[in-house]
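[1] only geometry, no sequence info:
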(Lines give C-alpha, C1' and ligand atoms only; values in the text may rest on other atoms or scores of the structure.)
Protein backbone atom coordinates (compact mmCIF):
# COMPACT_ATOMS: atom_id res chain seq x y z
CA UNK A 1 0.00 0.00 0.00
CA UNK A 2 1.51 3.32 -1.10
CA UNK A 3 2.24 5.91 1.55
CA UNK A 4 0.02 8.97 1.34
CA UNK A 5 1.64 12.37 0.91
CA UNK A 6 0.26 15.04 3.23
CA UNK A 7 0.66 17.84 0.68
CA UNK A 8 -1.73 16.21 -1.79
CA UNK A 9 -4.25 15.28 0.91
CA UNK A 10 -4.09 18.84 2.24
CA UNK A 11 -4.71 20.16 -1.27
CA UNK A 12 -7.68 17.89 -1.86
CA UNK A 13 -9.10 18.57 1.60
CA UNK A 14 -9.13 22.33 1.02
CA UNK A 15 -10.48 21.88 -2.51
CA UNK A 16 -13.41 19.73 -1.37
CA UNK A 17 -14.20 22.26 1.35
CA UNK A 18 -14.32 24.91 -1.37
CA UNK A 19 -16.62 22.69 -3.44
CA UNK A 20 -19.08 22.25 -0.58
CA UNK A 21 -18.90 25.90 0.45
CA UNK A 22 -19.26 27.06 -3.15
CA UNK A 23 -22.43 25.03 -3.60
CA UNK A 24 -23.90 26.64 -0.50
CA UNK A 25 -23.26 30.04 -2.06
CA UNK A 26 -24.88 29.35 -5.42
CA UNK A 27 -28.48 30.57 -4.78
CA UNK A 28 -27.31 33.82 -3.17
CA UNK A 29 -25.05 35.29 -5.85
CA UNK A 30 -27.56 38.01 -6.72
CA UNK A 31 -28.12 38.93 -3.07
CA UNK A 32 -24.61 40.02 -2.19
CA UNK A 33 -21.66 41.38 -4.10
CA UNK A 34 -19.41 39.88 -1.45
CA UNK A 35 -20.81 36.38 -1.97
CA UNK A 36 -20.75 36.87 -5.74
CA UNK A 37 -17.05 37.75 -5.62
CA UNK A 38 -16.15 34.96 -3.21
CA UNK A 39 -17.99 32.41 -5.33
CA UNK A 40 -16.18 33.31 -8.54
CA UNK A 41 -12.75 33.40 -6.92
CA UNK A 42 -13.41 29.83 -5.74
CA UNK A 43 -14.67 28.67 -9.12
CA UNK A 44 -11.66 30.00 -10.99
CA UNK A 45 -9.45 27.17 -9.81
CA UNK A 46 -11.10 24.57 -7.56
CA UNK A 47 -12.38 22.12 -10.21
CA UNK A 48 -9.44 22.67 -12.60
CA UNK A 49 -7.15 21.89 -9.64
CA UNK A 50 -9.04 18.67 -8.86
CA UNK A 51 -8.83 17.61 -12.50
CA UNK A 52 -5.15 18.55 -12.62
CA UNK A 53 -4.42 16.33 -9.60
CA UNK A 54 -6.30 13.44 -11.22
CA UNK A 55 -4.08 13.78 -14.28
CA UNK A 56 -0.98 14.12 -12.11
CA UNK A 57 -1.51 10.65 -10.69
CA UNK A 58 -2.47 9.05 -14.01
CA UNK A 59 0.90 7.58 -14.90
CA UNK A 60 0.00 4.04 -15.93
CA UNK A 61 -3.08 3.17 -17.95
CA UNK A 62 -3.39 -0.35 -19.25
CA UNK A 63 -4.80 -3.77 -18.49
CA UNK A 64 -8.19 -5.18 -17.58
CA UNK A 65 -7.91 -4.07 -13.95
CA UNK A 66 -7.37 -0.48 -15.01
CA UNK A 67 -10.54 -0.31 -17.11
CA UNK A 68 -12.53 -2.27 -14.52
CA UNK A 69 -11.46 0.32 -11.94
CA UNK A 70 -12.80 3.10 -14.18
CA UNK A 71 -16.14 1.33 -14.39
CA UNK A 72 -16.48 0.63 -10.66
CA UNK A 73 -15.08 3.97 -9.48
CA UNK A 74 -16.71 6.41 -11.91
CA UNK A 75 -19.20 4.96 -14.40
CA UNK A 76 -21.17 2.72 -12.03
CA UNK A 77 -21.44 5.44 -9.32
CA UNK A 78 -22.53 7.86 -12.06
CA UNK A 79 -25.40 5.60 -13.09
CA UNK A 80 -26.44 4.87 -9.51
CA UNK A 81 -26.29 8.48 -8.34
CA UNK A 82 -28.07 9.75 -11.44
CA UNK A 83 -31.00 7.51 -10.52
CA UNK A 84 -30.84 8.25 -6.78
CA UNK A 85 -30.61 12.01 -7.32
CA UNK A 86 -33.53 11.82 -9.78
CA UNK A 87 -35.66 10.18 -7.10
CA UNK A 88 -34.42 12.65 -4.48
CA UNK A 89 -35.15 15.71 -6.65
CA UNK A 90 -38.59 14.37 -7.51
CA UNK A 91 -39.52 14.36 -3.84
CA UNK A 92 -37.60 17.48 -2.80
CA UNK A 93 -38.83 19.76 -5.59
CA UNK A 94 -42.14 18.01 -6.31
CA UNK A 95 -41.22 17.47 -9.94
CA UNK A 96 -42.09 14.67 -12.32
CA UNK A 97 -39.72 11.73 -12.16
CA UNK A 98 -37.26 11.40 -15.03
CA UNK A 99 -33.96 9.57 -15.40
CA UNK A 100 -31.62 11.21 -17.90
CA UNK A 101 -28.42 9.22 -18.04
CA UNK A 102 -27.08 11.32 -20.92
CA UNK A 103 -27.63 14.59 -19.07
CA UNK A 104 -25.59 14.69 -15.84
CA UNK A 105 -27.42 16.05 -12.83
CA UNK A 106 -25.73 18.83 -10.89
CA UNK A 107 -22.22 17.72 -9.86
CA UNK A 108 -22.34 14.36 -11.65
CA UNK A 109 -20.62 15.86 -14.70
CA UNK A 110 -17.30 15.43 -12.91
CA UNK A 111 -17.63 11.64 -12.85
CA UNK A 112 -18.27 11.46 -16.59
CA UNK A 113 -15.37 13.76 -17.40
CA UNK A 114 -12.88 11.90 -15.22
CA UNK A 115 -14.07 8.55 -16.61
CA UNK A 116 -13.55 9.85 -20.15
CA UNK A 117 -10.08 11.21 -19.33
CA UNK A 118 -9.11 7.91 -17.76
CA UNK A 119 -10.43 5.93 -20.74
CA UNK A 120 -8.34 7.89 -23.23
CA UNK A 121 -5.28 8.02 -20.97
CA UNK A 122 -3.60 4.99 -22.63
CA UNK A 123 -3.52 7.07 -25.82
CA UNK A 124 -2.57 10.33 -24.12
CA UNK A 125 0.36 8.77 -22.28
CA UNK A 126 1.91 7.69 -25.58
CA UNK A 127 1.77 11.17 -27.08
CA UNK A 128 4.51 13.76 -26.88
CA UNK A 129 3.91 16.57 -24.43
CA UNK A 130 4.81 19.13 -27.08
CA UNK A 131 1.88 17.89 -29.18
CA UNK A 132 -0.58 16.82 -26.53
CA UNK A 133 -1.00 20.06 -24.59
CA UNK A 134 -1.56 22.29 -27.66
CA UNK A 135 -4.08 19.77 -29.03
CA UNK A 136 -6.00 19.69 -25.75
CA UNK A 137 -6.08 23.50 -25.62
CA UNK A 138 -7.24 23.64 -29.23
CA UNK A 139 -10.08 21.22 -28.40
CA UNK A 140 -11.07 23.32 -25.40
CA UNK A 141 -11.10 26.46 -27.50
CA UNK A 142 -13.02 24.89 -30.39
CA UNK A 143 -15.84 23.44 -28.27
CA UNK A 144 -16.99 26.97 -27.44
CA UNK A 145 -18.45 27.25 -30.95
CA UNK A 146 -20.97 24.45 -30.25
CA UNK A 147 -24.08 24.66 -28.07
CA UNK A 148 -24.02 21.16 -26.58
CA UNK A 149 -26.72 21.82 -23.97
CA UNK A 150 -25.26 19.57 -21.25
CA UNK A 151 -25.24 16.41 -23.42
CA UNK A 152 -22.80 14.10 -21.59
CA UNK A 153 -21.14 17.32 -20.36
CA UNK A 154 -19.02 17.28 -23.51
CA UNK A 155 -18.47 21.02 -23.26
CA UNK A 156 -16.90 20.73 -19.82
CA UNK A 157 -15.05 17.59 -20.84
CA UNK A 158 -13.15 19.45 -23.58
CA UNK A 159 -12.81 22.74 -21.72
CA UNK A 160 -11.15 21.13 -18.68
CA UNK A 161 -9.11 18.59 -20.68
CA UNK A 162 -5.97 20.81 -20.77
CA UNK A 163 -5.78 20.77 -16.97
CA UNK A 164 -5.88 16.96 -16.93
CA UNK A 165 -3.24 16.83 -19.66
CA UNK A 166 -1.03 19.36 -17.85
CA UNK A 167 -1.28 17.30 -14.66
CA UNK A 168 -0.46 14.10 -16.57
CA UNK A 169 2.58 15.70 -18.20
CA UNK A 170 3.94 16.92 -14.88
CA UNK A 171 3.07 13.66 -13.15
CA UNK A 172 5.02 11.59 -15.67
CA UNK A 173 8.13 13.54 -14.76
CA UNK A 174 7.12 13.78 -11.10
CA UNK A 175 7.64 17.52 -11.25
CA UNK A 176 6.83 19.42 -8.04
CA UNK A 177 3.70 21.54 -8.27
CA UNK A 178 4.29 23.54 -5.11
CA UNK A 179 6.26 26.77 -5.43
CA UNK A 180 6.99 27.92 -1.84
CA UNK A 181 8.52 31.18 -3.05
CA UNK A 182 5.12 32.15 -4.47
CA UNK A 183 3.08 31.59 -1.31
CA UNK A 184 3.20 35.30 -0.40
CA UNK A 185 2.08 36.34 -3.87
CA UNK A 186 -0.97 34.04 -3.87
CA UNK A 187 -3.05 35.93 -1.25
CA UNK A 188 -2.38 39.19 -3.07
CA UNK A 189 -3.52 37.80 -6.43
CA UNK A 190 -6.61 36.13 -4.96
CA UNK A 191 -7.50 39.30 -3.06
CA UNK A 192 -7.05 41.32 -6.24
CA UNK A 193 -9.39 39.01 -8.14
CA UNK A 194 -11.94 39.31 -5.35
CA UNK A 195 -11.83 43.12 -5.59
CA UNK A 196 -12.20 43.01 -9.38
CA UNK A 197 -15.23 40.74 -9.19
CA UNK A 198 -16.68 42.87 -6.42
CA UNK A 199 -16.38 46.08 -8.41
CA UNK A 200 -17.27 44.77 -11.86
CA UNK A 201 -20.11 42.51 -12.97
CA UNK A 202 -18.48 40.54 -15.79
CA UNK A 203 -21.02 39.22 -18.27
CA UNK A 204 -20.76 35.48 -18.88
CA UNK A 205 -18.19 34.98 -16.11
CA UNK A 206 -20.13 32.21 -14.36
CA UNK A 207 -20.61 30.15 -17.53
CA UNK A 208 -16.98 30.75 -18.48
CA UNK A 209 -15.79 29.29 -15.18
CA UNK A 210 -18.34 26.45 -15.40
CA UNK A 211 -16.89 25.48 -18.77
CA UNK A 212 -20.29 25.89 -20.43
CA UNK A 213 -19.77 29.23 -22.18
CA UNK A 214 -20.88 29.32 -25.83
CA UNK A 215 -19.15 31.93 -27.96
CA UNK A 216 -21.07 34.93 -29.26
CA UNK A 217 -18.16 36.00 -31.47
CA UNK A 218 -14.62 34.99 -32.41
CA UNK A 219 -13.25 37.31 -29.73
CA UNK A 220 -14.68 34.96 -27.09
CA UNK A 221 -12.07 32.40 -28.16
CA UNK A 222 -9.42 34.83 -26.91
CA UNK A 223 -11.34 35.18 -23.63
CA UNK A 224 -11.15 31.42 -23.09
CA UNK A 225 -7.45 31.41 -23.91
CA UNK A 226 -6.92 34.11 -21.29
CA UNK A 227 -8.98 31.99 -18.91
CA UNK A 228 -6.63 29.04 -19.44
CA UNK A 229 -3.54 31.10 -18.67
CA UNK A 230 -5.11 32.88 -15.71
CA UNK A 231 -6.61 29.75 -14.18
CA UNK A 232 -3.35 27.80 -14.49
CA UNK A 233 -1.54 30.67 -12.73
CA UNK A 234 -4.09 30.90 -9.92
CA UNK A 235 -4.11 27.11 -9.54
CA UNK A 236 -0.35 26.94 -9.01
CA UNK A 237 -0.51 29.91 -6.65
CA UNK A 238 -3.11 27.96 -4.66
CA UNK A 239 -0.80 24.94 -4.49
CA UNK A 240 2.02 27.20 -3.28
CA UNK A 241 0.00 28.05 -0.16
CA UNK A 242 -0.68 24.43 0.82
CA UNK A 243 1.35 23.19 3.82
CA UNK A 244 3.48 20.11 3.23
CA UNK A 245 3.07 18.51 6.64
CA UNK A 246 0.05 16.78 8.21
CA UNK A 247 -2.71 19.08 9.45
CA UNK A 248 -5.91 18.51 11.42
CA UNK A 249 -7.91 18.42 8.19
CA UNK A 250 -5.47 16.21 6.25
CA UNK A 251 -7.53 12.98 6.65
CA UNK A 252 -10.42 14.62 4.79
CA UNK A 253 -8.23 14.72 1.70
CA UNK A 254 -8.15 10.94 1.45
CA UNK A 255 -11.95 10.70 1.24
CA UNK A 256 -12.96 13.57 -1.01
CA UNK A 257 -14.82 11.34 -3.47
CA UNK A 258 -17.43 10.33 -0.88
CA UNK A 259 -17.86 13.94 0.21
CA UNK A 260 -18.32 15.03 -3.40
CA UNK A 261 -21.00 12.45 -4.16
CA UNK A 262 -23.00 12.65 -0.93
CA UNK A 263 -22.88 16.33 0.02
CA UNK A 264 -25.53 17.23 -2.56
CA UNK A 265 -28.23 15.49 -0.55
CA UNK A 266 -27.52 17.70 2.45
CA UNK A 267 -26.91 20.92 0.52
CA UNK A 268 -30.00 20.62 -1.67
CA UNK A 269 -32.22 19.87 1.33
CA UNK A 270 -30.79 22.70 3.42
CA UNK A 271 -31.18 25.29 0.67
CA UNK A 272 -34.91 24.53 0.57
CA UNK A 273 -35.26 25.47 4.24
CA UNK A 274 -36.01 29.02 5.39
CA UNK A 275 -33.05 28.85 7.76
CA UNK A 276 -30.73 28.86 4.72
CA UNK A 277 -31.38 32.60 4.37
CA UNK A 278 -28.72 33.11 7.03
CA UNK A 279 -26.22 32.79 4.16
CA UNK A 280 -27.32 36.18 2.80
CA UNK A 281 -26.81 37.90 6.17
CA UNK A 282 -23.73 39.26 7.91
CA UNK A 283 -23.37 35.84 9.53
CA UNK A 284 -23.29 34.12 6.14
CA UNK A 285 -19.56 33.48 5.76
CA UNK A 286 -18.96 32.21 9.34
CA UNK A 287 -21.98 29.95 8.96
CA UNK A 288 -20.78 28.60 5.60
CA UNK A 289 -17.34 27.85 7.05
CA UNK A 290 -18.74 26.00 10.06
CA UNK A 291 -21.45 24.15 8.11
CA UNK A 292 -19.00 23.19 5.36
CA UNK A 293 -16.52 21.74 7.83
CA UNK A 294 -19.33 19.90 9.62
CA UNK A 295 -20.68 18.33 6.42
CA UNK A 296 -17.23 17.38 5.18
CA UNK A 297 -16.20 15.89 8.53
CA UNK A 298 -19.33 13.73 8.67
CA UNK A 299 -19.06 12.52 5.07
CA UNK A 300 -15.34 11.80 5.45
CA UNK A 301 -16.17 9.03 7.91
CA UNK A 302 -15.05 5.61 6.57
CA UNK A 303 -18.66 4.41 6.28
CA UNK A 304 -19.40 6.61 3.27
CA UNK A 305 -16.24 5.62 1.44
CA UNK A 306 -17.04 1.95 2.05
CA UNK A 307 -20.45 2.45 0.46
CA UNK A 308 -18.67 3.47 -2.75
CA UNK A 309 -16.21 0.56 -2.78
CA UNK A 310 -17.99 -1.18 -5.65
CA UNK A 311 -14.78 -2.86 -6.78
CA UNK A 312 -14.83 -4.82 -3.51
CA UNK A 313 -18.47 -5.78 -3.79
CA UNK A 314 -18.43 -6.92 -7.38
CA UNK A 315 -16.52 -9.92 -8.70
CA UNK A 316 -13.32 -9.03 -10.51
CA UNK A 317 -13.02 -9.58 -14.28
CA UNK A 318 -10.70 -12.52 -13.57
CA UNK A 319 -13.34 -14.23 -11.43
CA UNK A 320 -16.00 -13.61 -14.04
CA UNK A 321 -13.82 -15.13 -16.74
CA UNK A 322 -12.96 -18.15 -14.62
CA UNK A 323 -16.63 -18.65 -13.75
CA UNK A 324 -17.52 -18.79 -17.46
CA UNK A 325 -14.94 -21.49 -18.00
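    Nice, I can see it. In this text the structure is predicted, and so the values were computed from the model without any measurement. Numbering: from 1, shown residues only.
[2] helix/strand/coil for residue 30?
    Assigned state for residue 30: coil (three-state reduction, DSSP: H, G, I helix; E, B strand; the rest coil).
[3] check contacts around residue 307.
    Contacts for residue 307 (CB atoms under 8 Å, 6 or more residues apart in numbering) come out as residue 258. (Glycine included, C-beta is placed from N, CA and C.)
[4] recalculate using a threshold of 10 Å.
    Residues near residue 307 by CB atoms under 10 Å, 6 or more residues apart in numbering: 77, 258, 261, 262, 313.
[5] give me every residue that touches the third one.
    By that I understand residue 261. 77-78, 80-81, 84-85, 107-108, 110-111, 299, 304, 307-308.
[6] again, but for the first one
    If a contact means CB under 10 Å, 6+ apart, then residue 77 has 71, 84, 108, 111, 115, 257, 261, 307, 308, 310 as its contacts.
[7] try the last one
    Residue 313 makes contact with 72, 76, 306, 307, according to CB under 10 Å, 6+ apart.
[8] determine which two of those are furthest apart.
    Greatest spatial distance in these: 76 and 306, 15.1 Å, computed using CB to CB.
[9] which one of those two has more residues nearby?
    Counted by other CB atoms under 10 Å, residue 76 and residue 306 do not tie: residue 76 has more neighbours, with 18 against 11.
[10] mind checking the end-to-end distance for stretch 92-106?
    Its start and end residues considered, stretch 92-106 measures 14 Å (CA to CA, to the nearest Å).
[11] name the residues of it that are buried.
    104, 105 (16 or more other CB atoms under 10 Å).
[12] flag the shaky bits of this protein, pLDDT-wise.
    Where the chain drops to pLDDT under 70, the residues are 1-2, 316-325.
[13] spatially central residue for it, please.
    Of all residues in the chain, the one closest to the mean position by CA atoms, centre = their mean is residue 47, 3.4 Å from it.
[14] residues in contact with it?
    Contacts of residue 47 (CB under 10 Å, 6+ apart): 15, 18-19, 22, 107, 109-110, 113, 156, 160, 163, 209-211, 231.
[15] would you mind checking those for buried ones?
    Applying 16+ other CB under 10 Å to the contacts of residue 47, the neighbour count classes 15, 18-19, 22, 107, 109-110, 113, 156, 160, 163, 209, 211, 231 as buried.
[16] gap between stretch 254-267 and the chain center?
    Distance, stretch centre to chain centre, for stretch 254-267: 12 Å (CA atoms, centre = their mean, to the nearest Å).
[17] I meant stretch 232-240, not that one.
    Offset of stretch 232-240 from its chain centre (CA atoms, centre = their mean): 15 Å.
[18] quickly find the element holding residue 220.
    If you go by DSSP states H and E, residue 220 is part of helix 219-241.
[19] what does residue 138 give?
    Going by DSSP H and E, residue 138 is part of helix 129-142.
[20] which is the succeeding secondary structure element to that helix?
    Downstream of helix 129-142, the first helix or strand assigned by DSSP H and E is helix 154-172.
[21] can you give the distance from that next one to the centre of its chain?
    Distance of helix 154-172 from the chain centroid (CA atoms, centre = their mean) equals 12 Å.
[22] you'd agree residue 304 is up against residue 298?
    Yes. Contact criterion CB atoms under 10 Å: residue 304 and residue 298 qualify, at 8.3 Å.
[23] common neighbours of these two, please.
    With contacts taken as CB under 10 Å, 6+ apart, residue 304 and residue 298 have 259, 262, 263 as neighbours in common.
[24] out of those residues, who has the most neighbours?
    Counting by other CB under 10 Å, top hit in those: residue 259 with 24 neighbours.
[25] these two touch, right, that one and residue 18?
    No. Here residue 259 lies out of contact with residue 18, judged by CB under 10 Å, at a distance of 11.5 Å.
[26] what's the closest non-adjacent residue to residue 227?
    Computed as CB to CB, 6 or more residues apart in numbering, the closest residue to residue 227 that is not its neighbour in sequence is residue 208, at 5.9 Å.
[27] the one you found: what's it in contact with?
    Contacts of residue 208 by CB under 10 Å, 6+ apart are 40, 43, 44, 144, 159, 202, 220, 223, 224, 226, 227, 231.
[28] before we move on, the earlier item: nearest to residue 239, of the buried ones among the contacts of residue 47?
    Once CB to CB is applied, the member of the buried ones among the contacts of residue 47 that ends up nearest residue 239 is residue 15, at 10.2 Å.
[29] could you say which helix or strand contains the closest one?
    Secondary structure assignment for residue 15, by DSSP H and E: helix 6-25.
[30] same for that helix, what does it pack against?
    With contacts taken as 3 or more CB pairs under 10 Å, 6 or more residues apart in numbering; DSSP states H and E, helix 6-25 sits against helix 33-56, helix 219-241, helix 256-271, helix 284-299.
[31] what comes up buried for the first one?
    Read it as helix 33-56. Buried-residue list, helix 33-56, by 16+ other CB under 10 Å: 35-56.
[32] and the next helix or strand past it?
    Scanning forward in sequence from helix 33-56 by DSSP H and E, the next helix or strand is helix 64-70.
[33] helices or strands next to that next one in the packing?
    On a contact count with 3+ CB pairs under 10 Å, 6+ apart, helix 64-70 meets helix 109-124, helix 310-313, helix 317-324.
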